[in-house]
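Q: please work out how this folds:
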Amino acid sequence: MRQLGRLPGTVRYTTQGVGRVRRSSRKLSPELTRPFTPPPSFMNHILDEKRLFATATLALADVKETSKALGVTINDLVLAMSSGALRKLSLKYDGKADHPLLASVPMSFDFSPDRISGNRFSGVLVALPVDVADTAERVQRPRR
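A: You can find the predicted model right below:
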């Protein structure tokens, strides 16, 4: 019976989500809305024991200060840093970085101020501007 009581909220949530997708799809370039076939890349190969993993630690206070100074969000900075790292790797291993890369980025769709527990996450496709050489422009690009 509780599940039936949740049905109207689920239908409303789904309808709102469809509306968000329709609005956001108007912002995508036609190039990114075609059926996706990944380009040949250093990333598209079989994983083996030689694959390396690296991390870096940044002070949150520094990240917040930088985001405020540049007028972008922390998420924008994360996407820009990821784009810069992927650009560097693409240039090193593929010899080129001439097109954006699509990334599935987790995003919360639970905007309720009354939420006590649980999350509503989904993946959103984002074009990472690895083709942009200028760092300042790369930071601003995800906002568009």
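
Q: low-confidence ranges, this protein, go.
A: 1, 21-39, 117-119, 142-144 (pLDDT under 70).

Q: ok, now with 90
A: The chain contains residues with pLDDT under 90 at 1-56, 75-76, 93-94, 98-128, 140-144.

Q: all strands for it, in order.
A: In the chain, the strands defined using DSSP state E lie at 101-108, 121-128.

Q: and of those, who's closest to Gly17?
A: strand 121-128 (7.9 Å; CB to CB). The way it works is simple: take the backbone N, C-alpha and C, and place the C-beta from them, glycine included.

Q: which neighbours in the sheet does that closest one have, and how are they oriented?
A: Strand 121-128 has the following strand partners under DSSP bridges: strand 101-108 (antiparallel).

Q: got the contact list for the partner strand?
A: Contact with strand 101-108 is made by 32, 36, 41, 79, 82-83, 86, 119-128, 130, as judged by CB atoms under 8 Å, 6 or more residues apart in numbering.

Q: drop anything exposed from the residues you listed.
A: 79, 82-83, 86, 126-128, 130 (16 or more other CB atoms under 10 Å).

Q: same list, those, but as a markdown table with distance to Asp98 please.
A: Below are these laid out as a markdown table (distance: CB to CB, whole Å):
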| residue | distance to Asp98 |
| --- | --- |
| Leu79 | 19 |
| Ser82 | 18 |
| Ser83 | 14 |
| Leu86 | 13 |
| Val126 | 18 |
| Ala127 | 14 |
| Leu128 | 13 |
| Val130 | 9 |
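
Q: need the longest helix for this protein.
A: When the chain is parsed with DSSP state H, its longest helix is helix 2-25.

Q: excluding chain neighbours, what is closest to Ala133?
A: Of all residues not flanking Ala133 in the chain, Arg87 sits nearest, at 7.7 Å (CB to CB, 6 or more residues apart in numbering).

Q: what residues are up against that neighbour?
A: Applying CB under 8 Å, 6+ apart, the residues near Arg87 are 97, 130-133, 138.

Q: Asp48 too?
A: Counting by CB under 8 Å, 6+ apart, Asp48 has no contacts.

Q: how near is it to Leu89?
A: Per CB to CB, to the nearest Å, Asp48 is found 17 Å from Leu89.
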